[in-house]
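1. Let me see the structure of the following:
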Amino acid sequence: MNNLLTDLPAELPTELVTTLLEAADVRIERIVSHGHASPDGFWYDQDRHEWVLVLTGAAKLRFEDEAVEMKPGSFINIPAHRKHRVEWTTPDEPTVWLAVHYNVVPEVTSR
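-> Residues are numbered from 1 along each chain as shown. Down below sits the predicted model:
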């Protein structure tokens, strides 16, 4: 894949997640949603931090203490273990996300 906005399926039974790059401390994904939302009562509780950017479409993320609406160009950093869910994504067009899952590497101090 050379363009994040090509090969977008017209209909998807579930979100389409494509890993673009994976290394020891980072994984970069393209996620395509088309009217998808997290199942009732489901919360993501991930071991890695996640930085997400909406490229097309729109979405609403729900955290335990707030809701965040996202449109093209919107991005957010979600710390590891901050529970969240996808409340909705646009049903009439694909929502394309770029997600970067990462670990914070401890700083090395010299002596």
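2. can you pull out the helices in this protein?
-> Here the chain has no helices by DSSP state H.
3. And the strands in it, which stretches?
-> Ranges of strands in the chain, per DSSP state E, are 16-23, 26-33, 49-56, 59-63, 67-70, 75-78, 84-89, 95-102.
4. Mind putting the ones you listed into CSV with mean neighbour count?
-> Placement of C-beta: from N, CA and C, glycine included. Putting those into CSV (neighbours: other Cβ atoms under 10 Å) gives the following:
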stretch, mean neighbour count
strand 16-23, 12
strand 26-33, 19
strand 49-56, 18
strand 59-63, 18
strand 67-70, 14
strand 75-78, 14
strand 84-89, 19
strand 95-102, 20
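5. Output these in a markdown table; the columns should cover distance to residue 6 and mean pLDDT.
-> Shown next, in a markdown table, are the strands of the chain (distance: least, Cβ to Cβ, whole Å; pLDDT from 0 to 100):
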| stretch | distance to residue 6 | mean pLDDT |
| --- | --- | --- |
| strand 16-23 | 12 | 95 |
| strand 26-33 | 10 | 97 |
| strand 49-56 | 12 | 98 |
| strand 59-63 | 20 | 98 |
| strand 67-70 | 21 | 98 |
| strand 75-78 | 21 | 98 |
| strand 84-89 | 19 | 97 |
| strand 95-102 | 10 | 97 |
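6. Could you point out which of the ones you listed sits nearest residue 41?
-> Nearest to residue 41, of all the strands of the chain, is strand 84-89, at 9.0 Å by Cβ to Cβ.
7. From what I see, residue 38 and residue 88 are in contact.
-> No. Contact criterion Cβ atoms under 8 Å: residue 38 and residue 88 do not qualify, at 9.6 Å.
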